[in-house]
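Asks: My questions concern the predicted model and sequence given below.
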Amino acid sequence: MEKKVRVRFAPSPTGGLHLGGVRTVLFNYLFAKKHGGDFIVRIEDTDQTRFVEGAEEYIFNTLAWCGLTPDESPLHGGPYAPYRQSERKASYKQYADQLVQAGYAYYAFDTPAELEKMRAEYKTDENPSPQYNHLLRTKMHNSLTLSEAEVSELLAAGTPHVVRIKMPLDETVSFTDMIRGEVSFNTSQVDDKVLLKADGMPTYHLAVVVDDYLMKITHAFRGEEWLPSAPVHILLWKYLGWSAEMPQWAHLPLILKPDGNGKLSKRDGDRLGFPVFAMDWTDPKTGETTIGFKERGFLPEAFVNLLALLGWNDGTDNEVFTMDELIAAFSMERVHKGGAKFNYEKALWYNQEWIKRATSAQLVEQVAETLAAAGVAADGAILLRVIDLVKERCTLMADFVTQGSFFFVSPSEWDTASIQPKWNDQKNMFFIELAKAFESSIVWEAHDLENTFKEITAAHGLKPGELMLPLRIMLVGGKFGPGVFDIAEIIGKQETVNRIQKVLSILEHN
RNA sequence: GGCCGGUUCGUCUAUCGGUUAGGACAGCCCCCUUUCACGGGGCAAAGACGGGUUCGAUUCCCGUACCGGCUACCA
């Protein structure tokens, strides 16, 4: 029987979740759900110096907003708890010891200062960053160079030390990456990574292997930046005697900055004016808030959609997918190898697509919230009609404010500059009469209003074209929005007449 | 520097050796629209370079160039 698929997303709680991180979650999630498996979130908080208050909560809020609910996590519980590595601290040492016992790892007593000295000493133009590797370990302070007695003495004295993996000489480690195919490394080129730190915490390298094993992870997906350390992990699986259980790997391509080169960073968003984080993130130390896609006015469906199509496609021309469609269509083999430059314009297009496709009923709650935040109280029944009328001209949720406010509150400013140049007494008379006609009309429907409007223009010997724009500006405030008579119908007789008269008086005083 | 990965229109991408190299975003033009959008139609735009393999390479192999990642007791 096939093993049940189990994947994990393993973030460090160090700050906001950016595009790349959410996409990694997404691909994990899609793969798991596609295969009827479980999606686990494990918090990798092994570095206390980088721990950031609130970051873990933020991660779960983001997952909830995106609709990527974990099956197991510190928040959701599960049979392999705890899901926080700091709480699993005690379980790693035995594996480190096991590796030392078997000769696959060793104790190293070098102090940070000694390491620094070593790097400075061996640094050359050809080798700018000397590695603690098979060559240099013979010159350092460790259980390979020290006598057994010395080592026991140091250990007994409680001397601070780390455990390092002993990379073998000139062996080939290879594995099949689900995206890249076979990738191989020569072990002589890989350094002796620290497995267990002096504070007793494991490094990522040990923790990821131990926890993936213990949690029965079948597929391990992570960013491409992890590819260089894959041989360490593969060897660890082997040295711990778990080769048969090793998950299948896939290293996801990076998301690159839109201009120039390099991977996308928070700075690029600040610089180019678009969000990089999924949701607003406030740094607890500086108090500085970084805008998120959610707060910028993206729909979660659009955010998920655009992320999925950054580096993946189903082979057809289809670009708009619901979560269920993504799950059905997803396959790791169709993920791109190369990194993708993030394009905010395209992201906006996805959002507009999703707003367009959403029904007014689906949008009403959020739109009401958005309007309320801008100080506009919007009534439910009318709001539904307004949303239907304006949604196709909204790219971001915030656009509903400019596109929808004038239905509920009179404009505070009018683009009279666009009326004035061609304004004259004749037009003034026309609008006075129009207001009167509107005021006395019995039926208040767009179609009838348009007829009334046309009858009066004809009676005055005017062309509707030169009066339509002034009317629009009177009702809307500017040169935008849906059909003028639809607007008039919705805002009602009194309000329509009021707005016409208000602008008439402004024009008169200029 | 070393190791690993990558390379199709400006951008995201399709192509599983044979295509006028397709689509989308952005750009430009036209239509629709007495506003702004939506929508419809059109234009422009690509296989990094050099060698092989092959009847035939964007596709397979090698080299070069360029780009990226890693090179911490960070993940």
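Replies: That came in fine, so what should we check first?
Asks: give me the number of residues near A:I487?
Replies: For A:I487, the count of nearby residues is 24 (other CB atoms under 10 Å). For every residue, glycine as well, the C-beta is placed using N, CA and C.
Asks: cool, and the one 10 residues further on?
Replies: Residue neighbour count, defined by other CB under 10 Å, stands at 17 for A:V497.
Asks: where along the stretch 301-450 of chain A do the helices fall?
Replies: Along the stretch 301-450 of chain A, the segments classed as helices by DSSP state H, counting those that start in this stretch run A:323-329, A:344-357, A:360-373, A:380-390, A:399-404, A:425-440, A:446-459.
Asks: In JSON lines: those helices, plus mean neighbour count, mean pLDDT and distance to A:P112.
Replies: Below are the helices of the stretch 301-450 of chain A laid out as JSON lines (neighbours: other CB atoms under 10 Å; pLDDT from 0 to 100; distance: least, CB to CB, whole Å):
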{"stretch": "helix A:323-329", "mean neighbour count": "16", "mean pLDDT": "97", "distance to A:P112": "46"}
{"stretch": "helix A:344-357", "mean neighbour count": "18", "mean pLDDT": "97", "distance to A:P112": "42"}
{"stretch": "helix A:360-373", "mean neighbour count": "16", "mean pLDDT": "95", "distance to A:P112": "50"}
{"stretch": "helix A:380-390", "mean neighbour count": "17", "mean pLDDT": "94", "distance to A:P112": "60"}
{"stretch": "helix A:399-404", "mean neighbour count": "21", "mean pLDDT": "96", "distance to A:P112": "53"}
{"stretch": "helix A:425-440", "mean neighbour count": "15", "mean pLDDT": "95", "distance to A:P112": "81"}
{"stretch": "helix A:446-459", "mean neighbour count": "15", "mean pLDDT": "94", "distance to A:P112": "76"}
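Asks: can I get the ones you listed in TSV with distance to RNA strand B?
Replies: Formatted as TSV, the entries for those read as follows, by distance: least, CB to the nearest atom of the strand, whole Å:
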stretch	distance to RNA strand B
helix A:323-329	13
helix A:344-357	4
helix A:360-373	15
helix A:380-390	8
helix A:399-404	8
helix A:425-440	13
helix A:446-459	7
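Asks: okay, these in TSV with distance to A:K123 next?
Replies: Written out in TSV, the entries for the helices of the stretch 301-450 of chain A read as follows (distance: least, CB to CB, whole Å):
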stretch	distance to A:K123
helix A:323-329	48
helix A:344-357	41
helix A:360-373	55
helix A:380-390	63
helix A:399-404	55
helix A:425-440	81
helix A:446-459	78
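Asks: looking at chain A, which helix or strand is least sure?
Replies: Among the helices and strands of chain A, helix A:266-272 carries the lowest confidence by mean pLDDT, DSSP states H and E, at a mean of 91.
Asks: right, and the helix or strand after that one?
Replies: Toward the C-terminal end, the helix or strand that comes next after helix A:266-272 (DSSP states H and E) is strand A:281-282.
Asks: which neighbours does that next one have in its sheet, and in what orientation?
Replies: The sheet places strand A:281-282 alongside strand A:289-290 (antiparallel), with pairing taken from DSSP bridges.
Asks: buried stuff in the first helix or strand past the strand it pairs with going along the chain?
Replies: Counting by DSSP H and E, the element after strand A:289-290 in chain order, helix or strand, is helix A:293-296. For helix A:293-296, a neighbour-count test (16 or more other CB atoms under 10 Å) marks A:293-296 as buried.
Asks: what does stretch A:52-62 give?
Replies: A:52, A:55-56, A:58-62.
Asks: Stretch A:226-239 too?
Replies: Neighbour-count burial for stretch A:226-239 flags A:226, A:229-237, A:239 (criterion: 16+ other CB under 10 Å).
Asks: do the same with stretch A:93-112
Replies: By 16+ other CB under 10 Å, the buried positions in stretch A:93-112 come out as A:95-96, A:99-100, A:104-110.
Asks: of all the residues you listed, which comes closest to A:V162?
Replies: Closest approach to A:V162 among the buried residues of stretch A:93-112 (CB to CB): A:A108, at 5.2 Å.
Asks: Could you double-check that the closest one sits in contact with A:K139?
Replies: No - between A:A108 and A:K139 no contact is recorded; they are 11.9 Å apart, counting by CB atoms under 8 Å.
Asks: if we can go back for a sec, which of the buried residues of stretch A:52-62 fall in helices?
Replies: Counting by DSSP state H, the buried residues of stretch A:52-62 place A:55-56, A:58-62 in helices.
Asks: Within reach of RNA strand B, which of these are there?
Replies: Checked against RNA strand B using CB under 7 Å from any atom of the strand, those give no members in range.
Asks: For the residues you listed, give me TSV that also has pLDDT.
Replies: What follows is these, written out as TSV (pLDDT from 0 to 100):
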residue	pLDDT
A:A55	96
A:E56	96
A:Y58	97
A:I59	97
A:F60	97
A:N61	97
A:T62	97
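Asks: any chance of those residues in a markdown table, plus distance to A:H76?
Replies: Output for those, formatted as a markdown table (distance: CB to CB, whole Å):
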| residue | distance to A:H76 |
| --- | --- |
| A:A55 | 18 |
| A:E56 | 13 |
| A:Y58 | 16 |
| A:I59 | 13 |
| A:F60 | 9 |
| A:N61 | 14 |
| A:T62 | 15 |
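Asks: Could I get the full set of strands for the stretch 101-250 of chain A?
Replies: The residue ranges that make up the strands of the stretch 101-250 of chain A, judged by DSSP state E, counting those that start in this stretch, are A:105-108, A:162-165, A:172-177, A:181-186, A:194-196, A:219-223, A:248-252.
Asks: Identify each buried residue in the third one, please.
Replies: Read it as strand A:172-177. Neighbour counts over strand A:172-177 (16+ other CB under 10 Å) mark A:173, A:175, A:177 as buried.
Asks: and which of the residues you listed is nearest RNA strand B?
Replies: Set against RNA strand B, the nearest of the buried residues of strand A:172-177 by CB to the nearest atom of the strand is A:D177 (7.9 Å).
Asks: Provide the backbone phi and psi angles at A:L264.
Replies: Note on A:L264: backbone dihedrals following degrees, to the nearest 10 are phi -60, psi 130.
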